[in-house]
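K.L.:
pasting a predicted model and its sequence here:
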Amino acid sequence: MDYPGNLFVVAAPSGAGKSSLVKALMELDSRVQPSVSHTTRAPRGQEKHGREYFFVSQQEFDGMVLAEAFVEWAHVHGQRYGTSKKAIEDRIVQGADVILEIDFQGALQIKKVFANAVLIFILPPSWEELRSRLERRGEDSAEVIELRLRNAALEMAQAREFDFVIINELFERALFDLKAIVHAQRLKFAAQRRARADTFQALNIT
Ligand SMILES: Nc1nc2c(ncn2[C@@H]2O[C@H](COP(=O)(O)OP(=O)(O)O)[C@@H](O)[C@H]2O)c(=O)[nH]1
Ligand SMILES: Nc1ncnc2c1ncn2[C@@H]1O[C@H](COP(=O)(O)OP(=O)(O)O)[C@@H](O)[C@H]1O
């Protein structure tokens, strides 16, 4: 499938800094729009329905799975999370670049459906720093933090499957890398689309 917009997928273990990086990228680059996922987990302090996530019940999530409303969904940290078709398709058809913050299982599913999706993995500089960021964020209980750290090893083992890996040690440096990847890939895909359109025209392919 080919659309005028591009898909960027960012995955990382919890606490590596992906939400902060994606938020900062969107402030710098208005062509990048978020995909808002559905989840069965409860909202955290400042989170709003429809902004960070659509917070739904298990039954609502089941209904969406049955209705084939998701491009991908997965079990993560004991909850379910999914990207709806609605969250991305309209926007990439209109030429926007959509960025998905999802786990590695979802990222690999997306790559199967959208072969041109750009997969970016964010790594923390060390285990100590990952733990301390989760603790400093202060949003999760001690048990939830331990679960997320246990799952982090499995998630980080998937980093090699991604197109790009960014180490988020210094925030500004990691943001620069993310911005550079998005800009370079955008230019690459635009050039490919132009070359294909020119060739189709030259060969009278309609
Ligand atoms: N597969 C999939 N994973 C998602 C989706 N939305 C969020 N996630 C992932 O679920 C995990 C937990 O997210 P969240 O509860 O917001 O915690 P955080 O990553 O610590 O901020 C993260 O790895 C997210 O990237 C989605 O739509 N699909
Ligand atoms: N490079 C960094 N250096 C120090 N702290 C960071 C850095 N990047 C993010 N953080 C902090 O780490 C915590 C986790 O970041 P967050 O973006 O919520 O991670 P994720 O979305 O991957 O779970 C937040 O408190 C955030 O402000």
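P.N.:
Great, that's in hand. Ligands and ions are numbered 1, 2, ... in the order given.
K.L.:
quick check: longest helix of this structure.
P.N.:
Secondary structure of the chain read by DSSP state H shows that its longest helix is helix 171-202.
K.L.:
packing partners of that one?
P.N.:
Secondary structure elements in contact with helix 171-202, counted by 3 or more CB pairs under 8 Å, 6 or more residues apart in numbering; DSSP states H and E, are strand 7-11, helix 18-28, strand 118-123, strand 164-167. C-beta: built from backbone N, CA, C; applies to glycine.
K.L.:
for residue 86, which of these is the nearest?
P.N.:
Using CB to CB as the measure, strand 7-11 is the one of the helices and strands packed on helix 171-202 that comes nearest residue 86, at 14.5 Å.
K.L.:
list the buried residues for the closest one?
P.N.:
Taking 16 or more other CB atoms under 10 Å as the neighbour-count basis, strand 7-11 is seen to contain the buried residues 7-11.
K.L.:
and the helix or strand of the chain with the lowest mean pLDDT, anywhere near ligand 1?
P.N.:
Comparing helices and strands within the chain by mean pLDDT, DSSP states H and E singles out helix 85-93 as the least confident, with a mean of 89. No. Applying CB under 6 Å from any ligand atom, one finds helix 85-93 separated from ligand 1 by no less than 8.1 Å.
K.L.:
need the next SSE after that helix, C-terminal direction.
P.N.:
Following helix 85-93 in sequence order, the next helix or strand is strand 97-101 (DSSP states H and E).
K.L.:
state the mean pLDDT of the helix or strand just after that next one.
P.N.:
Past strand 97-101, further along toward the C-terminus, the next helix or strand under DSSP H and E is helix 104-113. Along helix 104-113, the predicted local confidence has a mean pLDDT of 96.
K.L.:
which helices and strands sit right next to helix 104-113?
P.N.:
In terms of contacts (3+ CB pairs under 8 Å, 6+ apart), helix 104-113 is packed against strand 7-11, strand 70-76, strand 79-84, strand 97-101, strand 118-123.
K.L.:
just want the residue of this protein that's nearest ligand 1.
P.N.:
residue 106 (2.4 Å; CB to the nearest ligand atom).
K.L.:
residue 13 in helix, strand or coil?
P.N.:
In the three-state summary, residue 13 is assigned as coil, counting by DSSP: H, G, I helix; E, B strand; the rest coil.
K.L.:
ok, how many other residues are close to it?
P.N.:
By other CB atoms under 10 Å, 25 other residues sit near residue 13.
K.L.:
start at 7 instead
P.N.:
Got it, the first residue is 7 from now on, which makes the last one we talked about residue 19.
K.L.:
verify the stated contact: it with residue 154.
P.N.:
Yes. Distance between residue 19 and residue 154: 7.2 Å, which falls inside the contact criterion (CB atoms under 8 Å).
K.L.:
what parts of this protein come near ligand 1?
P.N.:
In this structure, the chain approaches ligand 1 at residues 17, 20-21, 25, 43, 47, 78-80, 82-83, 87-89, 107-109, 111-112, judged by CB under 6 Å from any ligand atom.
K.L.:
and the nearest residue to residue 92 once chain neighbours are set aside, its phi and psi?
P.N.:
Take residue 92 and drop its neighbours on the chain: the residue closest to it by CB to CB, 6 or more residues apart in numbering is residue 75, 7.2 Å away. Residue 75 has phi and psi values of phi -80, psi -10 when expressed as degrees, to the nearest 10.
K.L.:
sweet, I'm off.
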